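Student: Build me a model:
(chains A and B)
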Amino acid sequence: MIAAWLKIDEERVAQALQEAGEKLVSVEGEVALDFSSVRRIDASAVRALEEFAGLADDKGVNVVLRGVNVGVYKVLKLVKLGSRFSFAA
Amino acid sequence: MITDEVVKERIQIPLAAESLSEERIAYLETLVSQARTAAAVFTQYTQEDVDRIVKAVVLAGLEQAQPLARLAVEETNLGVMEDKVLKNMCATEFTYNYIKDKRTVGIIREFPERNLVEVAEPIGVIFSLTPITNPTSTVLFKCIMAIKTRNAVIFSPHPNAWRCCSEAVRIMYESALKRGAPEGVFSCLESHTLQDNAYLMRHKDVGLIDATGGPGAVKAAYSSGKPALGVGPGNTPVYLEKTADVSTAVVDIIVSKTFDNGTICASEQTVVIDDEIYDVVLRKFAELGAHICNEKETELLSRTVIDPKTGFMQPMAVGQKATDIARLIGLSVKPGTKLLIAPIQGVGREYPLSVEKLFPVLAVYRAKSVDEALKVCIDVNHAGGLGHTAVVFSRNDEVIRKFSEAMNAGRIIVNSPGSIGALGAVYNDLVPTFSFGCGTGGGNGTTDNVNIYHYLNIKRVARRTQAHMWFRVPNLIYFNLNAVENIRQFSSRSTVIVTNPSMEQIGHVDVVRRNIPEGTRVHVTVIPDAEPEVKVVMQGVAELNFYKADQIIALGGGSVIDAAKIMKLKYESPDANLEELAAPFLDLRKRVIQYPTEKVNHARLIAISTTSGTGSEVTPFAVLTDKEHARKVTLADYSLTPDVAIVDPQFVMSMPKGLTADTGIDCLTHALEAAVSTYASAYTDCNAMQAIRMAFKHLPIAYEHPGDEEARTMMHNAACIAAMAFANASVGVNHALAHAFGARFGVAHGRANALMLPHVIAYNAAVPTKFVPSPYQKGYVAHKKYATVADLLGLGGHTIEEKVKNLVAATEQLLDQLGFPRSIAELGIPKEEFEQAIPEMTKIAFEDPSWRSNPRMPLMSELADLFGEAYEGRGLAKAATVQQTSA
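Tutor: Modelled structure (predicted):
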């Protein structure tokens, strides 16, 4: 069951993830991040995703990234973050 | 000579990073992590993004060319500031000029004619070592290459050039960031140690090591187990040959050897000069500011600028001016001396100056001949410069060619300066670089000037190519009753009719003879009624030679026509080696052994078939019996195809019933196998299908009513049409089995085919245990082709499976009508004897090239099973499960 659904804005991926991280405190089960409007991510977004994955692990929350495009998916694989998330269309 | 031992002694190569502190490891991990993220993020950039950043970093490098050069000279105390400015400008501007229009993102090259596309994939993190001799220029060059290819680089500069290199990295990084490059794309190790290098070289996230430096660094890179680009040491030999433009050559050598005080590893080291011009050359050098050392001075240089222990140049001399070196060693030279020239008498440890000298000291050698000069150049090349660079000055193309063949060098520079020439894009069209690949001679993976393509994984996207096919038959085919009359239109001075005794006896030879134009000298060569032997063929060739034949008429069955084909081959090309021409092949167009095209004689071959089966009159095949080695030799080449085929039913009206059945089933087998062959095409299908239809309809009539002219005509044409199909689509496993079985038990070819045919149809229609690779077919279609045959024959059935079963049944019914035995057992062959023969027959069948175009790749066990089924007999095939495939 999805406890939270957050849309990520391409213009502020890192910030959005930081905000999502703060909301993790009150979330249980699963959180879905909608990446469908994110065409690219930069190094700060990668760092934010790493941190978010760490927080989610600590909380025992499963993170589902939705609508991730192939380019972003490849970046996540290259920085070895692919296995930290679940992916859905 | 630089050996592994020397390298180890000279530079300690750490094999592990045990001595690194936890803090240091954390620092290195952070660098790698940042670079990995940068490289990952970079994969999302477009070509336009990349080119925008490239232009920005190139301009930044150009703007800072002078400050960086100054910093490099101050820090390293090597080289010439003005030259280093030029180097920095070359590294930026010339590199940009080369790469600016090149694609490095997505599809980078397309080869439409090959259905091939190349797609770029970045490497990721590159760990780059840079040298003390060309510090900032190398950094600028590598930064530009990395941006263009979307890679991140961690730099490890030579410790004595760290300040200038880290400044160069900073300048490039900041300008790249401003234009949107990923954060962390460049970094530079701080105050590093060899252990740091060892750690990074073995790091799992480092994709490539690019080591531009001394042999120790290169060796360490290649020993790390990581993909590496390494640049070997140089020892550039120069051959100044007597036809050279001496004035240009001398200036070029001075330009090159004094450029940045000789620090470029491609610079000239030993100049081998032809005796005839030696004195002139040295005078010219002296006139232009070189000091020519006498014997004592040469000896002094040898002792001082070369380390007597290691045989390497002394670091104190590297990159220094000639006058400073002279002052250091106590050699008196004129002020402003550009170059110290030392005559040497040989190459090797006893001639210390014959090694690499990255300073303005040049060895010269007087050669008495081109051969001697080339040998001395080879010696220099092998004295530490393998794979690197060699230079020749000559106007003689032959000398340049010989020199190029003799030298093992990635760059052979002709009539231009070695160092600047090797860098590319100034004196020639070499790719601009600051990293020289030295090939295996230098322990490197490439001889290229290292460039953007070495910073990419290039993926080849190979689309399925529509294979070229062919359809080849004789130029002329005359058919129907009295077609033999067409012989009259062919003029000939000397015609040899090749035939066998029965043709003479029944008057067929006379029929042919009557149709040969008057005035033609006609000779009849009679060969035995059997598959032709080598001896028989060679006798025939002797007769062709004796009668100087310009036309051969083959009158008979397959054996006679095959014999005539080989006679023609040997007559026209006496040196043709039949043994060699019978060599196995997979594809006619790619075969190793080519049939002769040069001919000493020319003769037209007219083939008149007197049986309705083999179709040899239109095929490119000929079978020869080699009695000496107890085997059959199959020759196949379209040059064997007769020039004219005559398909005249008058020659088959008297065929006995047995022969009619045997040859008729041979024809049907040809057509059925061609129809399902992996080489089948629309061109062969139309022939195969038509022949099958004709055989099913007319063979029983021709068999039951031998005098039926229409049935005979149709079967005679069917045999020729089927042969046109299999001449281009080949046959299949039925023939491989029949050849092996027929030869072992002396069973006629058509009969052997008949015993296998129903079983093979069922076998080919089932899902293959092993598919055969074929570029000519899409999917597995044999069962569908058989179903199409069934439809053509009006056999009924709703599904493919039903249709195939009906075809098997119809084939069996036809065989029954023709009186064929239902099994091999019915031939009277004892079961035990047959079973004992199966392993050997299986081996022979598997070696038979006939099955290569079979739709289903036969396993040995399957061939053995097919023999077993054929022994047990028909009816089994009918009951066999014919599995459909949707493949």
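
Student: dump the residue contacts of the residue in chain B positioned nearest to chain A.
Tutor: The nearest approach of chain B to chain A comes at residue B:40, 3.6 Å away (Cβ to the nearest Cβ). Glycine gets a C-beta too; all of them are placed from N, C-alpha and C. Residue B:40 makes contact with A:46, A:74-76, A:78-79, B:124 under the criterion Cβ atoms under 8 Å, 6 or more residues apart in numbering or on different chains.

Student: Chain neighbours aside, what residue packs nearest to it?
Tutor: residue A:78 (3.6 Å; Cβ to Cβ, 6 or more residues apart in numbering or on different chains).

Student: Tell me the confidence at that neighbour?
Tutor: Per-residue confidence at residue A:78 stands at 96 (pLDDT).

Student: Now list the buried members of the contacts of residue B:40.
Tutor: A:46, A:75-76, A:78-79, B:124 (16 or more other Cβ atoms under 10 Å in any protein chain shown).

Student: Need these in TSV (columns: secondary structure and distance to residue B:321).
Tutor: Below are the buried ones among the contacts of residue B:40 laid out as TSV (DSSP: H, G, I helix; E, B strand; the rest coil; distance: Cβ to Cβ, whole Å):
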residue	secondary structure	distance to residue B:321
A:46	helix	51
A:75	helix	51
A:76	helix	55
A:78	helix	49
A:79	coil	50
B:124	coil	43
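
Student: show me the contacts for residue 66.
Tutor: Because you didn't say which chain, this covers chain A. A:32-36, A:87-89.

Student: should've been chain B
Tutor: B:85, B:88.

Student: One more: residue B:578?
Tutor: B:534, B:566, B:570, B:624, B:633, B:635.

Student: cool, residue B:300 as well?
Tutor: So residue B:300 contacts B:329-331 (Cβ under 8 Å, 6+ apart).

Student: quick check, nearest of those to residue B:352?
Tutor: Comparing these against residue B:352 with Cβ to Cβ picks out residue B:329 as the nearest, at 13.1 Å.

Student: which SSE is the residue lying closest to residue B:293 once chain neighbours are set aside in?
Tutor: Using Cβ to Cβ, 6+ apart and skipping the chain neighbours, the partner closest in space to residue B:293 is residue B:342 (4.6 Å). Here residue B:342 sits within strand B:339-343, counting by DSSP states H and E.

Student: Paired strands for that strand, with orientation please.
Tutor: Here strand B:339-343 is paired, per DSSP bridges, with strand B:290-292 (parallel), strand B:361-367 (parallel).

Student: Could you export it as CSV, CA atoms only?
Tutor: Extracted in CSV, the C-alpha atoms of strand B:339-343 (Å, rounded to 0.1, in the frame of the first residue of the first chain):
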residue,chain,number,x,y,z
LEU,B,339,72.5,21.5,-30.3
LEU,B,340,75.4,19.2,-29.3
ILE,B,341,76.0,16.7,-32.1
ALA,B,342,78.0,13.6,-31.2
PRO,B,343,79.2,11.2,-33.8
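
Student: phi, psi of residue B:232?
Tutor: Dihedral pair for residue B:232: phi -80, psi 170, per degrees, to the nearest 10.

Student: Now for it, how many residues are close by?
Tutor: 26 (other Cβ atoms under 10 Å in any protein chain shown).

Student: For it, which non-adjacent residue is closest in space?
Tutor: residue B:442 (2.3 Å).

Student: which bits of chain A sit near chain B?
Tutor: Neighbours of chain B within chain A, by Cβ under 8 Å from any Cβ of the partner chain: A:39-44, A:46-47, A:71-72, A:74-76, A:78-79.

Student: So residue B:187, which state does it fall into?
Tutor: Under DSSP: H, G, I helix; E, B strand; the rest coil, residue B:187 falls in the strand class.

Student: swap that for residue B:319, please
Tutor: Assigned with three-state DSSP, residue B:319 falls in the coil class.

Student: For the residue of chain A found nearest chain B, give me its contacts.
Tutor: Proximity of chain A to chain B (Cβ to the nearest Cβ) peaks at residue A:78, 3.6 Å away. By Cβ under 8 Å, 6+ apart, the contact set of residue A:78 is B:36, B:39-40, B:43, B:124.

Student: Looking at the residues you listed, which is nearest residue B:224?
Tutor: Distances from residue B:224 to the contacts of residue A:78, taken by Cβ to Cβ, are shortest for residue B:124, at 15.7 Å.

Student: burial measure for the closest residue to the closest one other than its chain neighbours, as a count.
Tutor: Nearest non-adjacent residue to residue B:124, counting by Cβ to Cβ, 6+ apart: residue B:207, 4.0 Å away. For residue B:207, the count of nearby residues is 21 (other Cβ under 10 Å).

Student: Can you verify my assumption that residue B:207 contacts residue B:123?
Tutor: Yes. In this structure, residue B:207 is within contact of residue B:123 by Cβ atoms under 8 Å, at 4.2 Å.

Student: which stretches of chain B aren't confidently modelled?
Tutor: B:1-18, B:630, B:875-887 (pLDDT under 70).

Student: per-domain residue ranges of it.
Tutor: B:22-55+B:102-230, B:236-427, B:470-651, B:658-887 (automatic domain parsing).

Student: Could you tell me the end-to-end distance of the third one?
Tutor: Domain B:470-651 has an end-to-end distance of 31 Å (criterion: Cα to Cα, to the nearest Å).

Student: Please apply the same query to the second one.
Tutor: Start to finish, the residues bounding domain B:236-427 are 17 Å apart (Cα to Cα).

Student: Run the chain-centre distance for it.
Tutor: 39 Å (Cα atoms, centre = their mean, to the nearest Å).

Student: what do you get for the third one?
Tutor: Here the centre of domain B:470-651 is set off from its chain's centre by 37 Å, with Cα atoms, centre = their mean.

Student: Show me what the host helix or strand of residue B:277 is packed against.
Tutor: Element membership for residue B:277 (DSSP H and E) is helix B:275-287. Counting contacts by 3 or more Cβ pairs under 8 Å, 6 or more residues apart in numbering or on different chains; DSSP states H and E, helix B:275-287 packs against helix B:246-258, strand B:268-274, strand B:290-292, strand B:339-343, strand B:361-367.
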